[in-house]
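Q: Structural data only, the sequence is not supplied:
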């Protein structure tokens, strides 16, 4: 992977939450990249790195509940494991 950028990845399944974070972070002058699922976030992270990742960890019914995506980041590439 390339050097870590100063950009920010935000992950949430609710568009209103993503919009609110976009507004709150807009003044930082960094690129804000949005993902609506843990799977999408991991796919993005296979292509690039970020300085900050804001991850919604309460995603019931998505197969990415809890901190699994965050734990996976330290061991990329990783194997997807659905929530039980």
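A: Thanks, I have it. Remember, it's a predicted structure, so these values are computed and weren't measured experimentally.
Q: just checking, next helix/strand downstream of the longest helix anywhere in the chain?
A: Using DSSP state H, we find that the single longest helix of the chain is helix 15-25. Under the assignment DSSP states H and E, the closest C-terminal helix or strand after helix 15-25 is strand 32-35.
Q: Which strands or helices does that following strand pack on?
A: Judged by 3 or more C-beta pairs under 8 Å, 6 or more residues apart in numbering; DSSP states H and E, strand 32-35 is in contact with strand 8-11, helix 15-25, helix 38-45. Bear in mind the C-beta positions are built from the backbone N, C-alpha and C, glycine included.
Q: Of all those, which one is nearest residue 54?
A: Nearest of the helices and strands packed on strand 32-35 to residue 54, taken as C-beta to C-beta: strand 8-11 at 4.7 Å.
Q: Could you list the paired strands of the closest one along with their orientation?
A: strand 32-35 (parallel), strand 52-55 (parallel) (DSSP bridges).
Q: and those strands, which one is worst for confidence?
A: Sorting the strands paired with strand 8-11 by mean pLDDT places strand 52-55 lowest, at a mean of 87.
Q: Mind listing what's buried along that one?
A: Using 16 or more other C-beta atoms under 10 Å as the test for burial, strand 52-55 gives 53-55.
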